[in-house]
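Q: pasting the structure only:
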């Protein structure tokens, strides 16, 4: 134990001699919180809409005014030419085309039905789906009002009515920052664990200073623990700093136990740092290590569920997430912060992550070779 403490102190001294790392510990979380949390969102505002109103009646103008009054749409162009509207869509100057045909109002009055055509720019499938959902809601409300206007007062009294109210649990205001900030924190902690810890070992290989440790009687597990502990502490400090910034800058709620979150974060960092140290034993240069880590980091983050719910992924991807430590932390940090989940709720995730942590650290100890 005494040997490990001496080695940990040596690692801390070595880390903080590097001015870049000492500044990055607090600078990176600050930049990520300020830039990424407000910027990374699936919410869409100011959808550029081109309107072709060939009917020019009170009903068609009512529909257009509803879209114009919506917070999601911006009527950027109006025209009577379908060719002009198509050109605008091709040039990316509008996102949606609403085509109201001639006879729209007459069809409503005589046939009790009418058609409009909506054309969406679906290069970005997610944006197209949300835009379609927004305009479908406006059309649905417009249709419901037409139905009520055409019913007689007598018939209205005999119709059963259902009042619908919405309640969104855990994020009542649907504030996207509440959803994204925990994910950004996971990326922050993961990047620190994978990049800094592994590079520290590989840099020593390149400089030759690791040979001085190899000729000492320290054991392999002592070396791995000494390399792991400093970055474990740095990762926890960055997590705490990120949570503090989230509260100050965005008033992010925290419904669960702070101690439980940090307990899980310790498990997660051990798993990630163990993987980083294992990869560093396979790499001879920093360039090799960075190439491998960026490849793994992208896969871990993109498949963790930060943007796409893991439950919506193909079955093979869900199976892969059983060995993806980022998927565990991404799920648990949101459960604890937003839902207030307790120990029993996340027990399966604790078991899975503990197995991954034990495996990665064991591989790092096994693979490290004391060679002069």
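A: Looks like it came in fine. Note that the coordinates shown come from a computational prediction; the quantities given were computed from them, not determined experimentally.

Q: Nearest the middle, which residue of the chain would you pick?
A: Geometric centre of the chain, nearest residue: residue 306, 2.9 Å, by C-alpha atoms, centre = their mean.

Q: tell me which residues in stretch 192-201 are buried?
A: Across stretch 192-201, burial judged by 16 or more other C-beta atoms under 10 Å covers 192, 193, 194, 195, 196, 197, 198, 199, 200, 201. The way it works is simple: take the backbone N, C-alpha and C, and place the C-beta from them, glycine included.

Q: Pretty sure the second one sits against residue 273.
A: The reference is to residue 193. Yes: at 5.1 Å, residue 193 and residue 273 qualify as touching, with contact defined as C-beta atoms under 8 Å.

Q: for the stretch 151-300 of the chain, which spans come out with low pLDDT?
A: 151-164, 211-215, 217 (pLDDT under 70).

Q: Tell me where the stretch 1-150 of the chain has strands.
A: 47-53, 73-79, 96-100, 117-120 (DSSP state E, counting those that start in this stretch).

Q: What is the shortest one packed up against?
A: So the one you mean is strand 117-120. Packing contacts for strand 117-120, counted by 3 or more C-beta pairs under 8 Å, 6 or more residues apart in numbering; DSSP states H and E, involve helix 82-90, strand 96-100, helix 125-150.

Q: The third one too?
A: Counting by 3+ C-beta pairs under 8 Å, 6+ apart, the packing neighbours recorded for strand 96-100 are strand 47-53, helix 58-69, helix 82-90, strand 117-120, helix 125-150.

Q: So what are the sheet partners of it and their directions?
A: Strand pairing for strand 96-100, using DSSP bridges, gives strand 47-53 (parallel), strand 117-120 (antiparallel).

Q: and the longest one, how far from the chain's centre?
A: Average the C-alpha atoms of strand 47-53, do the same for its chain, and the two points are 31 Å apart (C-alpha atoms, centre = their mean, to the nearest Å).

Q: Residues in contact with that strand: which ones?
A: 60-61, 64, 67, 72-82, 85, 88-89, 93-100, 131, 134-135 (C-beta atoms under 8 Å, 6 or more residues apart in numbering).

Q: Can you read off the backbone torsions of residue 54?
A: Taking degrees, to the nearest 10, you get phi -90, psi -10 for the backbone angles of residue 54.

Q: Number of residues surrounding the closest residue to it other than its chain neighbours?
A: Of all residues not flanking residue 54 in the chain, residue 102 sits nearest, at 4.4 Å (C-beta to C-beta, 6 or more residues apart in numbering). Residues within reach of residue 102, counting by other C-beta atoms under 10 Å, total 14.

Q: Check the gap between residue 102 and residue 263 for me.
A: To residue 263, residue 102 is 67 Å away according to C-beta to C-beta, to the nearest Å.
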